[in-house]
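Engineer: sequence plus the predicted model coming up.
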Amino acid sequence: MPETRRRIVQLALLAGLVPIRTALAGSRRSLADEADALVRPYARAGLFSGAVIVARDGVVLFRQAYGAANREWDIANTPDTRFRIASLSKQFTAAAILKLQEAGQIGLDDPVSRYMPGLPAGWAPITVRMLLDHRSGLPNVTALADYDSTIARVARQPMEVVGRLFGEALLFPAGSAQEYSNTGYILLGAVIERLTGESFAEALHGLVLGPAGLSRTGDADPERIVPHRAVGYHRVAGQWRNATPVTAAAALGAGGLVSTVDDLVAWDRSLLGGRVLGPAAMAELVKDEGYGYGLGLYLGQAYGARLWSHGGFLHGFSAIKDTYPDRGLTIVVLGNTETTPAQTLSRRLGALVLEQSEATGIVVPPNVLDRYAGSYRTGPRSIVRLTRAGDGLVAQGTDLPRLVLAPESDRVFVGGDGTRIALDIEPDGRATGLMLDAPGQTWAGPRIDSRTARRISTRRLARAIQP
């Protein structure tokens, strides 16, 4: 631990000396051109709409926006657009708790019931730290069947959300295992409100956002007027739709913030520069207890370097921030479509900057691949069929040769010729349509049943053999 702290202090001193600035050297422009060439095909295919930044030691190597912030008004995204950052919010919540610990107002190893009376007796062993690193055993409230239809739309207070689980048993004895749970971070948001006597947004600004100098990061409450906020979009049966807004209470400390690519780079520099957390608190933030997770951050390695990372996905938005602390490198991808393959884009950009072979690390569970198998109409007499093939999919269609597809996210797949297919997904996991971008052609359409697929195929065959 002393060595970890020493390295953090060294990085902090380095980060604090170099202001954020845009690089103008020719080599930087070349890298920016390569980065744009990497990202642009995803934007052209309609898979990505959002903003991207790559910065090293405070120097912006690449900063670009793509697609529409608002499709109804045809307003373009810019690098200053504010996006919902979903679970990237967790690292801000964790930092706020650590600030309260530094002030002597809370202990990480105290039972959370000390600060939030009225919790179920079975939750008594749960500590603040267990909420932060997902070892509490609390079920994930966002997995409840009525989260999307009811909780996310009408909840007014965070404990209304957490209270939905009061009658549920813990998934495992507190502290004995780890399973990711948004519930714990919603509860942490409520704890912050109780300890400070302020709303979560106000408390977060005073504890971390203000000290970090972040002026464009804040409350994502859909009822608030937020300048330059992007609209979130999802796809249903081959068509774009406005994503359903999520109330503030239903996300809070788990996913309740909007931000910009610039602010998230500044956030990294503030952390490494010691302007938010002291060395001991910073060490707690990135301490791995053996699960590859710190407090609000995944901890691992990529391309031979340490990686602190977190992704986010919430009702029309997809995001990721990858931090390579020993390389001074931050990569942020913020998207306002659910089709955005944020992790793939970020890891591919990391490989480009670090001059390494690409390794995105995307694995889609077999049961998810099985749900995608089926037939999709891409034209009046055109069909694309998806079948499961090992860890990926095979696509074959009326106007499409057989293609083996590898995953780029849990819903985007790519073939060897650059063809990409994105699945339209309902909250329950059902695939209702697809979007297909092949060299020179783009199709989209709904999922159809096997009987309809046979009828379309029969009619096409009959048309083909007519004299």
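Structural biologist: Thanks, I have the structure now. What you see is a predicted model, and the numbers here were worked out from it, not measured in a lab.
Engineer: pLDDT weak spots in the chain?
Structural biologist: Within the chain, the stretches with pLDDT under 70 are 1-29, 458-467.
Engineer: need the longest helix for it.
Structural biologist: What stands out as the longest helix in the chain, according to DSSP state H, is helix 26-44.
Engineer: helices or strands next to it in the packing?
Structural biologist: strand 50-56, strand 59-66, helix 342-354 (3 or more CB pairs under 8 Å, 6 or more residues apart in numbering; DSSP states H and E). In this view, the C-beta of every residue, glycine as well, is placed from N, C-alpha and C.
Engineer: how about 7 Å then?
Structural biologist: If contacts are counted by 3 or more CB pairs under 7 Å, 6 or more residues apart in numbering; DSSP states H and E, helix 26-44 sits against strand 59-66, helix 342-354.
Engineer: could you dump these to a markdown table with mean neighbour count and distance to Leu207?
Structural biologist: Output for the helices and strands packed on helix 26-44, formatted as a markdown table (neighbours: other CB atoms under 10 Å; distance: least, CB to CB, whole Å):
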| stretch | mean neighbour count | distance to Leu207 |
| --- | --- | --- |
| strand 59-66 | 20 | 27 |
| helix 342-354 | 22 | 27 |
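Engineer: hmm, Ala174 and Pro125 touching each other?
Structural biologist: Yes - the pair Pro125 / Ala174 is scored as a contact, 4.2 Å apart, by CB atoms under 7 Å.
Engineer: those two: who's more crowded?
Structural biologist: More neighbours surround Ala174 than the other of Pro125 and Ala174, with 21 against 16 (other CB atoms under 10 Å).
Engineer: circling back: would you reformat the helices and strands packed on helix 26-44 as JSON lines and include distance to Arg388?
Structural biologist: Below are the helices and strands packed on helix 26-44 laid out as JSON lines (distance: least, CB to CB, whole Å):
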{"stretch": "strand 59-66", "distance to Arg388": "31"}
{"stretch": "helix 342-354", "distance to Arg388": "20"}
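Engineer: of the ones you listed, which is nearest His205?
Structural biologist: strand 59-66 (25.1 Å; CB to CB).
Engineer: so what angle separates the directions of the closest one and helix 342-354?
Structural biologist: 140 degrees (axes from the mean of the first three to the mean of the last three CA atoms, to 10 degrees).
Engineer: helix or strand next in line after strand 59-66, which one?
Structural biologist: Once strand 59-66 ends, the next helix or strand along the chain (criterion: DSSP states H and E) is strand 68-70.
Engineer: how far off centre is that next one?
Structural biologist: In terms of CA atoms, centre = their mean, to the nearest Å, the centre of strand 68-70 is set 19 Å apart from its chain centre.
Engineer: which outside residues touch that strand?
Structural biologist: Applying CB atoms under 7 Å, 6 or more residues apart in numbering, the external contacts of strand 68-70 come out as Ser49, Asp74, Ile75, Ala76, Asn77, Thr81, Ala230, Val231, Asn336.
Engineer: now do stretch 189-199
Structural biologist: When contacts are defined by CB under 7 Å, 6+ apart, stretch 189-199 is touched by residues 93, 96, 100, 105-106, 112, 115-116, 158-159, 162, 200, 203, 252-253.
Engineer: which residue, other than its chain neighbours, is closest to Ser457?
Structural biologist: Ranked by CB to CB, 6 or more residues apart in numbering and with sequence neighbours excluded, the top spatial neighbour of Ser457 is Ile383, at 6.5 Å.
Engineer: pretty sure the one you found sits against Gln396.
Structural biologist: No - with contact defined as CB under 7 Å, Ile383 and Gln396 do not form a contacting pair (9.3 Å).
Engineer: who's more crowded, the two?
Structural biologist: In terms of neighbours (other CB under 10 Å), Ile383 is the more surrounded of Ile383 and Gln396; the figures are 22 against 13.
Engineer: just the element for the more buried one, please.
Structural biologist: strand 382-389.
Engineer: mind listing the strands whichever helix or strand comes after that strand pairs with, and their directions?
Structural biologist: As assigned by DSSP H and E, the chain's next helix or strand after strand 382-389 is strand 392-397. For strand 392-397, sheet partners with direction are given as strand 382-389 (antiparallel), strand 400-407 (antiparallel), following DSSP bridges.
Engineer: just the angle for the host helix or strand of Gly300 relative to helix 342-354, thanks.
Structural biologist: In the assignment (DSSP H and E), Gly300 maps to strand 298-302. Computed by the same axes, to 10 degrees, the angle separating strand 298-302 from helix 342-354 equals 40 degrees.
Engineer: of all the residues in strand 298-302, which ones are buried?
Structural biologist: Tyr298, Leu299, Ala302 (16 or more other CB atoms under 10 Å).
Engineer: next one: stretch 104-122
Structural biologist: Ile106, Leu108, Pro111, Val112, Ser113, Tyr115, Met116, Leu119.
Engineer: which two in those are spaced the farthest apart?
Structural biologist: Leu108 and Leu119, at 17.3 Å, using CB to CB across those.
Engineer: for the top strand by length along the chain, packing partners?
Structural biologist: Counting by DSSP state E, the longest strand found in the chain is strand 305-314. Applying 3+ CB pairs under 7 Å, 6+ apart, we find strand 305-314 packed against strand 298-302, strand 317-324.
Engineer: and the strands in the stretch 151-300 of the chain?
Structural biologist: 218-219, 233-236, 239-242, 257-259, 298-302 (DSSP state E, counting those that start in this stretch).
Engineer: can you redo those as a markdown table with distance to Asn70?
Structural biologist: Shown next, in a markdown table, are the strands of the stretch 151-300 of the chain (distance: least, CB to CB, whole Å):
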| stretch | distance to Asn70 |
| --- | --- |
| strand 218-219 | 19 |
| strand 233-236 | 10 |
| strand 239-242 | 10 |
| strand 257-259 | 15 |
| strand 298-302 | 32 |
